[in-house]
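**Q** Give me a 3D structure for the following:
(one chain, ligands or ions: 1)
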Amino acid sequence: MAAIIDVQHVHKAFGGLKVINDCSIQVEQGSITGLIGPNGAGKSTLFNIIAGALPLDSGHILLDGEEITNQPANQLFHKGLLRTFQIAHEFSQMTALENLMMVPPAQAGESLFNAWFKPSRVMLEESEVRRRALEVIDFIGLHPVRNELAGNLSGGQKKLLELGRTMMTDARVVLLDEIAAGVNRTLLGDLVSNIERLNREMGYTFLVIEHDMDMIARLCDPVIVLAQGSVMVEGSIEEIQNDPRVIEAYFGAAS
Ligand SMILES: Nc1ncnc2c1ncn2[C@@H]1O[C@H](COP(=O)(O)OP(=O)(O)OP(=O)(O)O)[C@@H](O)[C@H]1O
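**A** Numbers count the residues shown, from 1 in each chain. Presented below is the predicted three-dimensional model:
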């Protein structure tokens, strides 16, 4: 299979601190790839670079063979590369359903020109967006709370809603940054099965940073271990767990 994300020889330093050192990773199309590593290994920094939130110092990032190095997040969004975001403060006062309906970037209702000259198109698109939002909310299991304010949802329900927002666009690659944090076990099960279904049924590719090893073990193949800003090992979860270098990187300092 081809790499949908190809990170080539990336370097990034903050002042004198080299955080990403000649890092190269490939995320295969259709995979759920895990990115793990000890605290401070550079996982979030690499994520931010891929997602267009942080410029790199040198190296290249390719999306499906196309150079996307240092492209801003909104351009990447239109190319189908996106990451989940926490529900922003202003969205917490909208219902779960409205949060989904806000997502499509090309929504005609947002354009004054369209609203003035093409009201029928706006109405059509709004009903289309609503229909899709209802499908998505059903898929993620939040139909019963669709009219609740997002701010009143539990931590786990908010994570499901964040995942749902990626489904309102034509996402190809979704970056998930520690979405299991603070989610109870029941909703975590829902989150995992939704990610699996999006992968299997809708062809999403995922790159997942996660500290929750159960979630990594259940979801991810392959798993990439980052240490001091470059790849230490890559393989199946079994290979990773039995690799002495990984054990040393995680537990060495404590022994
Ligand atoms: N904006 C910044 N300015 C300066 N140093 C930074 C910045 N962002 C991250 N760092 C440093 O870069 C290193 C890697 O941080 P990063 O958050 O990428 O690691 P991580 O693997 O995601 O860690 P964790 O698992 O603890 O979240 C750390 O030493 C961190 O302090």
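
**Q** Next one: N39, what pLDDT does it get?
**A** Note on N39: pLDDT of 90.

**Q** Around it, how many other residues sit close by?
**A** 7 (other CB atoms under 10 Å). All C-beta spots, glycine's among them, are computed from the backbone N, C-alpha and C.

**Q** can you check the one 5 residues further on too?
**A** A count of neighbours around S44, defined by other CB under 10 Å, yields 16.

**Q** and it, what is it in contact with?
**A** By CB atoms under 8 Å, 6 or more residues apart in numbering, the contact set of S44 is D177, I209.

**Q** The one 5 residues further on now?
**A** Contact partners of I49, counting by CB under 8 Å, 6+ apart, are V10, K12, I20, P55, L56, I61.

**Q** Weed out the non-buried ones from these.
**A** Among these, those classed as buried by 16 or more other CB atoms under 10 Å are V10, K12, I20, L56, I61.

**Q** any idea how far the nearest residue in space to H211 that is not next to it in sequence is from N74?
**A** The shortest distance from H211 to any non-neighbouring residue, by CB to CB, 6 or more residues apart in numbering, is to E178 (6.4 Å). From E178 across to N74, the span is 23 Å (CB to CB, to the nearest Å).

**Q** So for these two, which residue has more residues nearby?
**A** Using other CB under 10 Å, the more surrounded residue of E178 and N74 is E178, with 17 against 10.

**Q** pLDDT score for the more buried one?
**A** pLDDT, E178: 85.

**Q** how near is it to L191?
**A** Distance from E178 to L191, by CB to CB: 12 Å.

**Q** Ok, E28 next?
**A** 22 Å.

**Q** The two - which one has more neighbours?
**A** L191 (23 against 15).

**Q** Name the SS class of that one, please.
**A** Three-state call for L191 (DSSP: H, G, I helix; E, B strand; the rest coil): helix.

**Q** That one against L160, yeah?
**A** Yes: with contact defined as CB atoms under 8 Å, L191 reaches L160; the gap is 6.1 Å.

**Q** joint contacts of the two?
**A** In contact with both L191 and L160: no residue, using CB under 8 Å, 6+ apart.

**Q** Spit out the contact partners of D190.
**A** The contact partners of D190, by CB under 8 Å, 6+ apart, come to I140, G141, G156, L160.

**Q** lowest-confidence helix or strand of the chain?
**A** Taking mean pLDDT, DSSP states H and E as the measure, the chain has helix 112-117 as its least confident helix or strand, at a mean of 48.

**Q** which residues touch the residue nearest the centre of the chain?
**A** Centroid-nearest residue in the chain, with CA atoms, centre = their mean: L175, separated by 2.2 Å. Counting by CB under 8 Å, 6+ apart, L175 touches F47, I50, A51, L81, L82, R83, T84, F206, L207, V208, I209.

**Q** which of the residues you listed are buried?
**A** Buried subset of those (neighbour count, 16+ other CB under 10 Å): F47, I50, A51, L81, L82, R83, T84, F206, L207, V208, I209.

**Q** taking the residues you listed one by one, which sit in helices?
**A** Counting by DSSP state H, the part of these found in helices is F47, I50.

**Q** tell me which residues in stretch 172-191 are buried?
**A** 172-180, 183, 187-188, 190-191.

**Q** Helices of this structure, residue ranges please.
**A** 43-50, 73-78, 96-101, 112-117, 119-139, 155-167, 185-202, 213-219, 237-241, 244-251.

**Q** which non-adjacent residue is nearest D170?
**A** G80 (5.7 Å).

**Q** ugh, typo on my part, it should be S92
**A** G151 is the one closest to S92 (CB to CB, 6+ apart), at 3.1 Å.

**Q** Lowest average pLDDT across the helices of the chain?
**A** Mean pLDDT, when computed for each of the helices of the chain, is lowest for helix 112-117, at a mean of 48.

**Q** Kindly report the residues of the stretch 1-150 of the chain close to the ligand.
**A** F14, L17, V19, G37, N39, G40, A41, G42, K43, S44, T45 (CB under 6 Å from any ligand atom).
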